[in-house]
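Chemist: The amino acid sequence is not available; the structure is as follows:
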């Protein structure tokens, strides 16, 4: 999760909502990404989406079996929907997104997917808070 | 919707689940795409996702205001989640996806988005049926 937080910090520095993600298989990081929706002008450029695509590319197959996604924020409907299709083995996320997270929205994951929440949640939430405070101060 | 069906037929010819999409603004087609999940080994390569990215690229902004997405099949959780973020004005889809469509799954769209369903639904459903029959015969 530390590596995912480093990715989130990279997003912060670019003026992007600071969310970072990595995908791990057999203790090896096979994908790392951070939110790029502003830079790419693309609502689909969430950290998780990029990591899913990159991990599948690395594996040479679209299913992320035996993979764990670490992401600093609870995934949204779109990302949870993509994770559903990927049949990923495990998702570990940091802070809850009470408003737009997949748990609040009721998005379904693949029945085989294990979810762990709250890992380094304070660090992830603090980063989000700092981002929105800094953005407000710029207005 | 005819153009979206043409895209779906292109997917069929490539051995992809036949779903096609276009995005229209002011009577101009600004994006067209078809499902490429097999070719790209990427669960995120649904027709809608590609059209959202392409339309935003054309517009130079990530929000698809005044845009209409025509898609041959009811969008899934992932695509509906992306459409939520895009704040698209209108979604017109063909056939229902009773199992994995966003209506069944309860995925939320943006409150401003208008949804029209059932347009050329028989043609879209027939194409899907033909695809799955042809695939079964190959096994």
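Modeler: On my side now, so go ahead. Keep in mind that this is a model prediction, so the values were computed, not measured.
Chemist: for the lengthiest helix in chain A, packing partners?
Modeler: Counting residues, the longest helix found in chain A (DSSP state H) is helix A:121-138. Counting contacts by 3 or more Cβ pairs under 8 Å, 6 or more residues apart in numbering or on different chains; DSSP states H and E, helix A:121-138 packs against helix A:2-13, strand A:67-73, strand A:90-95. In short, each C-beta sits where N, CA and C put it, glycine included.
Chemist: can you give me the mean pLDDT across the last one?
Modeler: Along strand A:90-95, the predicted confidence averages to a pLDDT of 98.
Chemist: neighbouring contacts of that strand?
Modeler: A:1, A:4-5, A:67-75, A:83, A:109, A:113-125, A:128 (Cβ atoms under 8 Å, 6 or more residues apart in numbering or on different chains).
Chemist: out of these, which are buried?
Modeler: Taking 16 or more other Cβ atoms under 10 Å in any protein chain shown as the criterion, what is buried in those is A:1, A:4-5, A:67-75, A:83, A:109, A:113, A:119-121, A:123-125, A:128.
Chemist: State the distance from residue A:23 to chain B.
Modeler: Separation of residue A:23 from chain B (Cβ to the nearest Cβ, to the nearest Å) stands at 13 Å.
Chemist: Same question for residue A:116.
Modeler: Noted for residue A:116: a distance of 21 Å to chain B, by Cβ to the nearest Cβ.
Chemist: Across the sheet, point out what pairs with that residue.
Modeler: Beta bridges link residue A:116 to residue A:92, judged by DSSP bridges.
Chemist: ok, now which ones touch it?
Modeler: Counting by Cβ under 8 Å, 6+ apart, residue A:116 has contacts A:90, A:91, A:92, A:93.
Chemist: Can you measure across stretch A:29-48, start residue to end residue?
Modeler: One end of stretch A:29-48 to the other measures 14 Å (Cα to Cα, to the nearest Å).
Chemist: For that stretch, give the mean pLDDT please.
Modeler: Rounded mean pLDDT across stretch A:29-48 is 98.
Chemist: on that earlier part again, quick one: residues in contact with the longest helix of chain A.
Modeler: Helix A:121-138 is touched from outside by A:5, A:8, A:9, A:12, A:17, A:18, A:72, A:73, A:94, A:95, A:96, with contacts defined as Cβ under 8 Å, 6+ apart.
Chemist: And for stretch A:32-45?
Modeler: Stretch A:32-45 has contacts (Cβ under 8 Å, 6+ apart) with A:3-4, A:7-8, A:10-11, A:14-23, A:46-48, A:50-51, A:54, A:78, B:44, B:49, B:52-53, B:56-57, B:60-63, B:82, B:85-86.
Chemist: Please consider this matter closed, and thank you.
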